[in-house]
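J.: any chance you could fold what I've pasted below:
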Amino acid sequence: MSLLMALVALSIDAMLPALSQLGSDLQVQNANDRQLVISMIFLGLAFGQLFFGPLSDSTGRKLANYIGLALFIGGALLCMFAVTFPMLLAGRLLQGIGASAPRVVTLAIVRDQFSGRAMARIMSFVMTVFILVPMLAPSMGQAVLQTVGWRAIFGIYVLLAIVAFVWFALRQPETLAVENRAPFTGRRIVKATQEVVGNRLALGYTVTAGFISGAFIGYLNSAQQIFQEQYALGTLFPIYFGVIASSIWLASLLNSQLVMRLGMRFLVRNSLLIIFGLSAVAIGGLFFAGQVPLWVFMTYLMLTFFCVGILFGNMNALAMEPLGQVAGIGAAIVGSLSTLISVLLGTVIGQSYNGTILPLVMGLTVLSGLSLVVVRWAEK
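T.: Residues are numbered from 1 along each chain as shown. You can find the predicted model right below:
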């Protein structure tokens, strides 16, 4: 499950050091347009889940995942041989659509067998391994970039997807019995969507997941420009990026223990409060001091993303908790809606980059504040 989920993170983070060279080779004029290489994969994730969730409920979890991995490989190959920037973006969109299958199928497989705090605990284990990828992927991408060029990064995606395909086929049993499968119909999708939207808890935590993921995507979109250009770190960028990712990894590791003692709701509320407080203080500091020293910015990001790591493991579990009877399509709708919200917000934050960290900090402040309001509404 971790390897399947990690394909998405690897597809994003390994590309970050290559964005400048990629943009130069494909003649991208506006530096902010390079961020679309990141945004397009999230757009594919948003819409692909609406297809693969119902498909996994109809044909079983495994077949849906096989189709998704095949599309992911096709998208990676299209990117590898792209001769124009639009062609590469089309490949990234196809990669995102394909990667949506492992994402939604993983949630459905776990929900088929676990619920409540036990599900949150399992997802924390998955996320703990999964988050090791962002710690290592930029360094891998940097190494490949300096030796054989950015196109070879997509070749690595193909190889890893093949490994995941074979491992999943051999080691993962089917978790959806034939008698529990449902037909793939538009009517059923509409009905399940109404069930998610009509459930205050499911909808509230889905929207909250979208807000927090939106802030995180805003960070991913602008991280290369902030670290390599604004702070002039150059080839050291992957190291700093990995250090920040380690805070999310540590949070996910600890969450598997904390959630059993404190509960998901307590952790979500307090993590959001800390993010909001840290970001509000950071905005005040920016207005008075201008660009902050790198060590101050790193400290802020590590504390903030530690809380984000706590949120990632719990918000999806809370959103899925009332949806046990429609786990596959429920995971699809929750994932699709939250991803669509996040890619729109993350793109706005990234495209607002103006040579300072203010747009990112503002995004974290506003979205964590809105998340607190939505969580209070959901729990009312």
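
J.: contacts for stretch 77-89, please.
T.: Outside stretch 77-89, the residues that touch it by Cβ atoms under 8 Å, 6 or more residues apart in numbering are 22-23, 26-28, 33, 36-37, 40, 90-92, 94-95, 151, 154-155, 158. From N, CA and C alone the C-beta is placed, and that goes for glycine too.

J.: could you list the low-pLDDT ranges of the stretch 1-150 of the chain?
T.: By pLDDT under 70, the low-scoring segments of the stretch 1-150 of the chain are 127-129, 131.

J.: verify the stated contact: Leu136 with Gly242.
T.: Yes - between Leu136 and Gly242 there is a contact under Cβ atoms under 8 Å: 6.7 Å.

J.: neighbour-wise, which of these two wins?
T.: For Leu136 versus Gly242, neighbours defined as other Cβ atoms under 10 Å are more numerous around Gly242 (18 against 15).

J.: what strand or helix carries the more buried one?
T.: Here Gly242 sits within helix 237-262, counting by DSSP states H and E.

J.: surely Ile212 and Ser368 touch.
T.: Yes - using Cβ under 8 Å, Ile212 makes contact with Ser368 at a distance of 7.2 Å.

J.: overlap in contacts of the two?
T.: Here Ile212 and Ser368 share the contacting residues Leu272, scored by Cβ under 8 Å, 6+ apart.

J.: show me where the stretch 1-150 of the chain has helices.
T.: Assigned by DSSP state H, counting those that start in this stretch, the helices in the stretch 1-150 of the chain fall at 2-13, 19-25, 36-59, 61-80, 85-113, 116-130, 132-147.

J.: which outside residues touch the second one?
T.: Counting by Cβ under 8 Å, 6+ apart, the neighbours of helix 19-25 from elsewhere in the structure are 15, 28, 31, 33-35, 37, 85, 88, 145, 149-150, 224, 228.

J.: before we move on, what about the last one?
T.: Applying Cβ under 8 Å, 6+ apart, the set of residues contacting helix 132-147 from outside is 6, 9-10, 12-18, 21, 150, 152-153, 156, 235, 237-239, 241-242, 245-246, 248-249.

J.: ok, of those residues, which come out buried?
T.: Using 16 or more other Cβ atoms under 10 Å as the burial test, the contacts of helix 132-147 include 6, 9-10, 12-18, 150, 153, 156, 237-238, 241-242, 245-246, 248-249 as buried.

J.: now Asn314. Nearest residue, chain neighbours left out?
T.: Met264 (4.2 Å; Cβ to Cβ, 6 or more residues apart in numbering).

J.: can you check Phe168 too?
T.: Take Phe168 and drop its neighbours on the chain: the residue closest to it by Cβ to Cβ, 6+ apart is Asn65, 6.2 Å away.

J.: ok, that neighbour to Ala137 distance?
T.: Taking Cβ to Cβ, to the nearest Å as the measure, Asn65 falls 22 Å from Ala137.

J.: Ile41 reaches Asp13, doesn't it?
T.: No - shown here, Ile41 and Asp13 do not form a contact pair, counting by Cβ under 8 Å, at 11.1 Å.

J.: what are the phi and psi values at Ile357?
T.: Backbone torsions of Ile357, given as degrees, to the nearest 10, read phi -90, psi 0.

J.: how about it, what does it touch?
T.: Taking Cβ under 8 Å, 6+ apart, we find Ile357 in contact with Ile226, Gln230, Leu286, Gln291, Val292, Phe297.
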